[in-house]
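for reference, the sequence and a predicted model appear below.
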Amino acid sequence: MTHAADLYQELILDHGRRPRNHRALDGASGKADGHNPLCGDRVTVFVRVEGGVVADVTFVGTGCAISQASSSLMTEAVRGRSVAEVEALFGRFHDLVTGTPADDAAQDALGKLAAFAGVAEFPMRVKCATLAWHTLRAALAGPAAVGAPVTTEDAS
Amino acid sequence: MSRAPAPVVGGRPVAPFDPHRVRAEFPILSRRVRRGRPLVYLDNAATTQKPLAVIEALDRHWRTSNANVHRGVHLLSQESTTAMEAARGHVARFLGAADPREVVFVRGTTEAVNLVAHAWGRANLRPGDEILLTTMEHHSNIVPWQLVAAQTGAVVRAAPILDDGSLDREGFRRLLSPRTRLVGVAHVSNALGTVNPVRELAQEAHAVGALVLVDGAQAVSHLRVDVRALGVDFYAFSGHKVFGPTGIGALWGRKALLDAMPPWQGGGDMIRTVSFSGSTWADVPARFEAGTPAIAEAIGLGAAVEWLGGLPADAVAAHEADLLEHGTRLLEGVPGLRLVGTAPGKVSVLSFVLEGVHPHDVGTLLDLEGVAVRTGHHCAQPVMDRFGLPATARASLALYNVREDLDALVAALHKVRETFPL
């Protein structure tokens, strides 16, 4: 697995080039900033939770193809899921990009996110793939979540 | 094959230099990386590879002479002390210093700047005094001054740079004033490759009574440095960027200045006498070398500068200039590529951005082709801000690079363009 096409799959390139849900969200119940100063990657995640379910989620930001595609595919993957389901999905995604073995059920649950499997070969890029997710988690903590931006440059 | 280096420089015949023969002295350059591709090492501004002369000097020290320095009466301690002090002499000669006692061994450029900022700065800076830096400084020549400014009430200023990455000389002169106590300037910019006119800047600084500290980290492996001809007051560099080990570097300072500076770290080796009623300090350079030094690394650094000094400097410079010209020409042919830093007379560094591709994606895709470059802000965020960029990709050259390395870089960049079409 160390070919360019394994990491930069067509799905990732497409979402990196034309990120979906790339806009601010009016009436968000939560919002958080993520910033990896070493890379310069920035993302702001907006989320509207209704009855414990992610009714809408969007992001704005700039960065590498991996971080933009990860943000975009994340918004598609978590919309309509309960907060607990989002947390479980993040766990599976994290295992995927850090190369932690998973069972078939966990693989299936990832859906399109499985395109990020190649990231595991590039430990330096894990932080790019996980920034949006960590930022989403902060946004889900609610409107009170203010303070320093989320970063994935200290740990994955 | 690379074109042979020009046999004549500035009308003078120069000794021949064969980069392919020099490459054979660097074992790592023959290793293979991703999918068996040969290593194309173009991250020399981050750190240089090590020649056998250095590897063997370290090995010889560990195998035969290792002991602590400056204290044992036994043979090994004598040998270690003699070798380390010989290395200090080699570094002094490498820099054109008048006296080896003007050479303080430090961990690297960062520690050298911190030493001056704390030992000289805390003793001499008063509220309202100014430290004049440039926008192209590495963080290691910015942050130590911010720390000492916060403690003393001094103010840090930064001279602007022009669109091609050269220093704005008018802007520099405007900021220079009798309040300026020290000018801190990179000899060569790590992010742009710009060579600063250090001698002229030192004359202007001295005219207002300011001292001059030069960050020579990116210069020493590319330019012949003579601290007395440059007319500066402090000159700092890191061993690992000049083919030596990590964890060692040198601060050169004028002896009268060093003599007048108080210590900044306390411990063994830096004292004359110690009692609980007070201690007295050793003479320089020991005053600034508290604790057991990086003995083997200092010996390795001595071996590195001796090795470099044994090469024909003019021919090496001609070879590097040829590489830079070749690389610049090739990079300009990559669709959507923009060079950042095009100052006349620059050395080593080819910093660039590729339209539509983030530098980190460029870096990963080049790595897959065996090409090692740096991507990011290069510890020079003010430079990135100046050019409105979050990051660049940077290929940086050393004397052991050959035209084929740049050909491989550009072939890999064309592949990046295939993955990320314009």
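Sure thing, it's come through.

what bits of the chain have low per-residue confidence?
You didn't pick a chain, so chain A it is. A:1-2, A:142-147, A:154-156 (pLDDT under 70).

not what I meant, chain B
B:1-14.

let's see 50
B:1-4 (pLDDT under 50).

what is the neighbour count of whichever residue of chain A sits closest to chain B?
Ranked by C-beta to the nearest C-beta, the top residue of chain A for proximity to chain B is residue A:40, at 2.8 Å. Every residue, glycine included, has its C-beta placed from N, CA and C. For residue A:40, the count of nearby residues is 21 (other C-beta atoms under 10 Å in any protein chain shown).

so what's the residue count around the nearest residue in space to it that is not next to it in sequence?
In space, and not counting its chain neighbours, residue A:40 is closest to residue B:390: 2.8 Å by C-beta to C-beta, 6 or more residues apart in numbering or on different chains. Here the count is done by other C-beta under 10 Å, and residue B:390 has 22 residues near it.

ok, now which ones touch residue B:390?
For residue B:390, the contacting residues are A:39, A:40, A:41, A:62, A:63, B:359, B:377, B:384, by C-beta atoms under 8 Å, 6 or more residues apart in numbering or on different chains.

before we move on, the earlier item: tell me the contacts of the residue of chain A closest to chain B?
Applying C-beta under 8 Å, 6+ apart to residue A:40 gives the contacts A:62, A:63, B:376, B:377, B:384, B:390, B:391.

put together CSV for these, with distance to residue B:400 on each row.
Shown next, in CSV, are the contacts of residue A:40 (distance: C-beta to C-beta, whole Å):
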residue, distance to residue B:400
A:62, 37
A:63, 34
B:376, 24
B:377, 27
B:384, 29
B:390, 31
B:391, 27
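
can you give me the helices in the stretch 301-422 of chain B?
Using DSSP state H, counting those that start in this stretch, the helices of the stretch 301-422 of chain B run over B:313-331, B:359-368, B:381-386, B:403-419.

stretch A:130-148: end-to-end distance?
Distance between the two ends of stretch A:130-148: 17 Å, counting by C-alpha to C-alpha, to the nearest Å.

swap in stretch B:23-30?
End-to-end distance for stretch B:23-30, by C-alpha to C-alpha: 8 Å.

which one of the contacts of residue B:390 has the most neighbours?
Busiest of these [other C-beta under 10 Å] is residue A:41, holding 29 neighbours.

what's the spacing between the nearest residue to it once chain neighbours are set aside and residue B:391?
Closest residue in space to residue A:41, ignoring its immediate chain neighbours: residue A:63 at 3.2 Å, by C-beta to C-beta, 6+ apart. For residue A:63, the distance to residue B:391 equals 10 Å [C-beta to C-beta, to the nearest Å].

what do the two both touch?
Shared contacts of residue A:63 and residue B:391, defined by C-beta under 8 Å, 6+ apart, are found at A:39, A:40, B:358.

who are the contact partners of the last one?
Taking C-beta under 8 Å, 6+ apart as the contact definition, residue B:358 lies against A:63, A:64, A:65, B:391.

which of the residues you listed are buried?
The neighbour count (16 or more other C-beta atoms under 10 Å in any protein chain shown) marks A:63, A:64, A:65, B:391 as buried among these.

got those residues as JSON lines, with distance to residue B:103 columns?
Output for the buried ones among the contacts of residue B:358, formatted as JSON lines (distance: C-beta to C-beta, whole Å):
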{"residue": "A:63", "distance to residue B:103": "44"}
{"residue": "A:64", "distance to residue B:103": "43"}
{"residue": "A:65", "distance to residue B:103": "47"}
{"residue": "B:391", "distance to residue B:103": "36"}
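
tell me which two of those sit farthest apart.
A:65 and B:391 (13.5 Å; C-beta to C-beta).

using the three-state scheme, assign the residue nearest to residue A:60 when sequence neighbours are not counted.
Nearest non-adjacent residue to residue A:60, counting by C-beta to C-beta, 6+ apart: residue A:44, 5.2 Å away. Per DSSP: H, G, I helix; E, B strand; the rest coil, the local secondary structure of residue A:44 is strand.

gap between residue A:44 and residue A:83?
Between residue A:44 and residue A:83 the computed distance is 19 Å (C-beta to C-beta).

of the two, who's got more company?
Neighbours were counted for residue A:44 and for residue A:83 using other C-beta under 10 Å; residue A:44 has more, 20 against 15.

isn't the more buried one right up against residue A:31?
Yes. Residue A:44 lies in contact with residue A:31 (C-beta atoms under 8 Å); the separation is 6.6 Å.

phi and psi next, for the closest residue to residue B:31 other than its chain neighbours.
What sits nearest to residue B:31 in space, not counting adjacent residues and going by C-beta to C-beta, 6+ apart, is residue B:39, at 5.3 Å. Main-chain dihedrals, residue B:39, degrees, to the nearest 10: phi -70, psi 130.

how many neighbours does residue B:39 have?
18.

tell me which residues touch it, please.
Applying C-beta under 8 Å, 6+ apart, the residues near residue B:39 are B:28, B:29, B:30, B:31, B:32, B:33, B:370, B:372.

what's the most distant pair in these?
B:30 and B:372 (14.5 Å).

these two: which is more packed in?
Comparing residue B:30 with residue B:372 by other C-beta under 10 Å, the one with more neighbours is residue B:372, at 17 against 10.

what's the separation between residue B:333 and residue B:411?
12 Å.

more crowded one of those two?
Per other C-beta under 10 Å, whichever of residue B:333 and residue B:411 has more neighbours is residue B:411, with 13 against 10.

before we move on, the earlier item: which ones among the buried ones among the contacts of residue B:358 lie within strands?
Judged by DSSP state E, the buried ones among the contacts of residue B:358 include no members of strands.

quick check, nearest of these to residue B:115?
Checking the buried ones among the contacts of residue B:358 one by one against residue B:115 (C-beta to C-beta), the nearest turns out to be residue B:391, at 30.2 Å.

mind listing the strands for chain A?
Taking DSSP E, the strands of chain A run over residues A:30-36, A:41-50, A:53-62.

contacts for the last one, please.
The one in question is strand A:53-62. Strand A:53-62 is contacted by residues A:19, A:21-25, A:28, A:34, A:40-49, A:67-68, A:71-72, A:74-75, A:78-83, A:86, A:132, A:135-136, A:140, B:390 when judged by C-beta under 8 Å, 6+ apart.
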